[in-house]
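Undergrad: From the sequence below, what's the structure:
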Amino acid sequence: MSEQLRLYGGWILPIALACFIAIQNFRTVSAGGDDFEASLARLRAVHRLVQDRYVKPVEPERVVDGALRGMMEALDGYCAYFNAKDFQEFMVDTKGEFTGVGIEIDLREGWLTVIAPIEDSPAAKAGVRAGDVVLKIDGESAEAITLEKAVARIRGKRGTAVTLTVQHVDEKGRPLGDPVDLRIVRDLIHVESVKGARLVDPEARIGYVRVAAFQEGTADRFRESIRKLQAQGLRGLVVDLRFNPGGLLDEAVELADLFVDDGVIVFTRGRKPDDHKVYRGRHEGTLPRIPLVLLVNEASASASEVVAGAIKDHRLGLLVGERTYGKASVQTVIHLKDLLPLPADGGGVKITTAHYYTPNDVNINREPGRKEFGLEPDIEVPMTPAEEREAFGRREDPSPGAPATDRQLDRAIAELRNQLAGTSTPAPGGGGTDR
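TA: Next up is the predicted model:
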């Protein structure tokens, strides 16, 4: 079966749904017996009713699309069903290039919320901020909208525009001023997953690397960045995972494996035995141990939390910044051609199949009513939205004394300098368990 595990804190670009799944095939996996057959009977009855009584003829595929859309929306905000065209686009997204406005979004308490704008994207340039609540899309209310519908309305052809009415908020989620209309012209978005590698403090030989997402090739590009820094005498390292929404699980595991010499990096649990998996570090290829700090914030989600959780539980470095997002569900991407006799381009599904746990067996998933979620930083350095916007500019020049300020990065550099000088105790916290 062609599967790919993806971990995202929100949807960057998820798409529309289509195709018809032969109902008979589901009988083999049904555990509901008569109840399941009764549900199918209702579905058939309503489908016939629409075909016979709706005011004008409707293509059967359109009706089934709506039923499948409702089926997936009833599960969670991360499941989706794609027709052939949209599935192809979805798979291309993992390579780091797509057309859109460049925001990562999620639903929080029923409201469409921006996790983060992608750097240098049309959304970022238009003034969209992390934490913004999207009230309207092209003048239509976004209240109680589903993620799939929101993304379908926000996406569009390159060069076309969409207007988002957003409410800026402060660090506690309180409204800042009146809602504003932001007109955004859609464009080709290229996500460079590893960027900014340099000696951020040449005197102390402290390096800096930003990981913006986990897509195909991220771990390899990160490894190459580290090699270049090592050639300059690297002694301490800052890895910036802020505003990283996640991505491919395998890439996150491979990157974490550069630091974890032995032991569990992450493990998953689901309903099926195949969904119970343990990902371990390997001695081969492990980087030399040096003082390490990971920068995280509330927009560090999913795959980035896999890396941060492994580093924290194995006491390999410090987390500096703010509590992470708390998205610990695993989505499996499955080609429908592996389930039904469909053409090779017959579409696919993205379905939540498991939750992941940190090496210390901690489920960090954000759930309604749950107060403890995400990863708590070892050193908390909260920042206001204004400070976060200024920190974006600092990423272009993260060296000490740069015009823009970034208190979280400054604290990370100071902590590494103290460790190198022997005046700080590295990596507090519990050790990762061998499983």
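
Undergrad: contacts and neighbour counts: CA atoms only from here.
TA: Noted.

Undergrad: Low-confidence ranges, the stretch 51-200 of the chain, go.
TA: Per-residue confidence for the stretch 51-200 of the chain (pLDDT under 70) gives these ranges: 92-97, 171.

Undergrad: how about the helices of it, start to end?
TA: Assigned by DSSP state H, counting those that start in this stretch, the helices in the stretch 51-200 of the chain fall at 60-73, 84-93, 122-126, 147-154.

Undergrad: how does this protein divide into domains?
TA: Domains of the chain are assigned by automatic domain parsing as 17-82, 98-190, 194-330+352-421.

Undergrad: Can I get the ones you listed in CSV including mean neighbour count?
TA: Formatted as CSV, those follow (neighbours: other CA atoms under 10 Å):
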stretch, mean neighbour count
domain 17-82, 14
domain 98-190, 19
domain 194-330+352-421, 21
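
Undergrad: Now distance to residue 336 too, for those, in a markdown table please.
TA: Formatted as a markdown table, those follow (distance: least, CA to CA, whole Å):
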| stretch | distance to residue 336 |
| --- | --- |
| domain 17-82 | 9 |
| domain 98-190 | 19 |
| domain 194-330+352-421 | 16 |
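
Undergrad: so residue 311 makes contact with residue 295?
TA: No - contact criterion CA atoms under 8 Å: residue 311 and residue 295 do not qualify, at 11.7 Å.

Undergrad: coming back round to it: quick one, which of the domains of the chain gets closest to residue 89.
TA: domain 98-190 (7.9 Å; CA to CA).

Undergrad: roughly how far is that closest one from the heart of the chain?
TA: Relative to its parent chain, domain 98-190 has a centroid offset of 16 Å by CA atoms, centre = their mean, to the nearest Å.

Undergrad: Quick one: end-to-end length of that domain, please.
TA: Using CA to CA, to the nearest Å, one end of domain 98-190 lies 7 Å from the other.

Undergrad: Quick check, residue 265 in contact with residue 360.
TA: No - Residue 265 is not in contact with residue 360 according to CA under 8 Å; the separation is 9.7 Å.

Undergrad: want to throw the helices of the stretch 51-200 of the chain into a markdown table with distance to residue 388?
TA: Putting the helices of the stretch 51-200 of the chain into a markdown table (distance: least, CA to CA, whole Å) gives the following:
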| stretch | distance to residue 388 |
| --- | --- |
| helix 60-73 | 33 |
| helix 84-93 | 26 |
| helix 122-126 | 12 |
| helix 147-154 | 24 |
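
Undergrad: Out of those helices, which is closest to residue 240?
TA: Comparing the helices of the stretch 51-200 of the chain under CA to CA, the one sitting nearest is helix 122-126, at 18.6 Å.

Undergrad: Residues contacting the closest one, please?
TA: With CA atoms under 8 Å, 6 or more residues apart in numbering as the contact definition, helix 122-126 has outside contacts at 101-103, 117-118, 182-187.
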